[in-house]
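1. Return a 3D structure for these sequence lines:
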Amino acid sequence: MKFLSSTIVLALMVSAARADVSSCKNIVIKDLSVPASTTLDLTKVAKGATITFQGTTTFEYAEWAGPLILLTGTDLTVTGTGTLDGQGDLYWKKGTSITRPVFFRLKRVMSSTVKGFNIKNSPYRTFSILDSEDTTVSGLTLNSKAGDNVAKNTDGFDLSRNLRLTISGCTVYNQDDCLAMQSSNDTTFTGNTCSGGHGISIGSLGGDSVTESDIVSGLTVKNNKIIDSVNGIRIKTIAGKHGTVTGASYTGNSLTNVKNAIVIHSDYSKEKGGYTGDASSLVEITDVTVSGLTGTADNVYDILVNSNVVSGWTFSGITN
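-> Numbering: from 1, shown residues only. Got it, this is the predicted structure:
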């Protein structure tokens, strides 16, 4: 079966020929080949719909920004045992000079559940979750392990301007952040396994003024496993920029073969793509708790911050 345009979704359980799924309660997407430069558009699904992925859905190669899949809606259940294949190997070998598509974007998804299916070989960032509320993502496998030593920027979950999101029981094999918090309030990240990447991160964060896009408040990171990664937990803020990180709690997380257990830097430069040594960020980092961080890491602490904007940190039960 073919997905033929950015405005058509195959609804196999209802009718394979129907393009308008706005009244469909059950949508099955099975064994599709999505043409290049085309978004699998799931923005017009009915409230309360169930979307099920079966078989393997493949996205053809194109140098574009994507997303490959776009989801919007309320009271949705997105599930299945299927696999979504982004064919990342076609992009990875060309490096970062080409435009690569975001894989799966959730935008204005409310009171919904996303669970159970598999994503492999992401060309770029895997999940981009924006402006969503009261939604749970669970039991997914994000596997870009084939890109080890070549893939770049294959973030697991990038979050911006969300409220009360939970990500739990997912397994992420990638080469960048497992979780990247750009902004969001009351986020829970629990019981996940992160392997091969840059760990669980806040940032890079900071803007010319403090807006909702520059605030992380109420983050709970609990009982996760971080394996074969550059970092365990990390906060990085942009030199000279403003924002807020407050109420971040890290409890009962474990590390295996990690380079840096706890990384907090106020000197990140987007232009240079790294730390500068100039801890001039004006992003406030307050009320950070790390409790029960165990396992193996080459370095426990890598911290360089602007002391004028940090307070209320509590670290305990850290063993290596």
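
2. For this protein, just list every one of the helices.
-> Counting by DSSP state H, the chain has helices at residues 89-92.

3. in it, what spans have low per-residue confidence?
-> Residues of the chain that meet the criterion pLDDT under 70 lie in 1-19.

4. Which residue lies nearest the spatial centre of it?
-> When C-alpha atoms, centre = their mean is applied to the chain, the residue found nearest the centroid is Phe157 (0.6 Å).

5. measure it to Thr135 for me?
-> Plainly put, Phe157 is 12 Å away from Thr135 if you go by C-beta to C-beta, to the nearest Å. C-betas here are computed from N, CA, C, even on glycine.

6. any common contacting residues for the two?
-> With C-beta atoms under 8 Å, 6 or more residues apart in numbering applied, the overlap between the contact sets of Phe157 and Thr135 consists of Ile129.

7. if we can go back for a sec, what sits against the closest residue to the residue nearest to the centre of the chain other than its chain neighbours?
-> Here the nearest residue to Phe157 in space, its sequence neighbours aside, is Phe127; by C-beta to C-beta, 6 or more residues apart in numbering that works out to 4.7 Å. With contact taken as C-beta under 8 Å, 6+ apart, Phe127 is in contact with 103-106, 137, 142, 155-158.

8. Give the PyMOL command for selecting the buried subset of those.
-> Only the buried members of the contacts of Phe127 enter the following PyMOL selection, criterion being 16 or more other C-beta atoms under 10 Å:
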select buried, resi 103+104+105+106+137+142+155+156+157+158
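
9. So what pairs up with the residue nearest to Phe157 in the strands?
-> Under the criterion DSSP bridges, Phe127 forms beta bridges with Phe104, Phe157.

10. Make 186 the first number, not 1, from now on.
-> Will do, 186 is the new start, and the previous item becomes Phe312.

11. How much space separates it from Val395?
-> From Phe312 to Val395 the distance is 26 Å (C-beta to C-beta).

12. helices or strands up against the strand ranked longest in the chain?
-> Taking DSSP state E as the assignment, the strand of the chain that covers the most residues is strand 439-454. Contact partners of strand 439-454 among helices and strands, from 3 or more C-beta pairs under 8 Å, 6 or more residues apart in numbering; DSSP states H and E: strand 410-412, strand 416-423, strand 459-460, strand 467-476, strand 479-489.

13. now that strand, how far from the centre of its chain.
-> For strand 439-454, the separation from the chain centroid amounts to 18 Å (computed by C-alpha atoms, centre = their mean, to the nearest Å).

14. In that strand, which of the residues would be classed as buried?
-> By neighbour count, and taking 16+ other C-beta under 10 Å as the criterion, the buried residues in strand 439-454 are 439-440, 443-453.

15. and the angle from it to strand 479-489?
-> Counting by axes from the mean of the first three to the mean of the last three C-alpha atoms, to 10 degrees, strand 439-454 lies at 10 degrees to strand 479-489.

16. ok, what's across the strand from Leu440?
-> Ile411, Gly480.

17. contacting residues for it?
-> With C-beta under 8 Å, 6+ apart as the criterion, the residues that contact Leu440 are 411-412, 414, 417, 446, 478-482.

18. ok, of these, which come out buried?
-> With neighbours counted using 16+ other C-beta under 10 Å, the contacts of Leu440 contain these buried positions: 411-412, 414, 417, 446, 478, 480, 482.

19. Nearest to Ser496 among these?
-> Checking those against Ser496 by C-beta to C-beta gives Leu478 as the nearest, at 20.5 Å.

20. Please verify my assumption that that closest one contacts Ile411.
-> No: the pair formed by Leu478 and Ile411 falls short of the contact definition of C-beta atoms under 8 Å, at 9.5 Å.

21. any common contacting residues for the two?
-> Counting by C-beta under 8 Å, 6+ apart, the residues touching both Leu478 and Ile411 are 417-418, 438-440.
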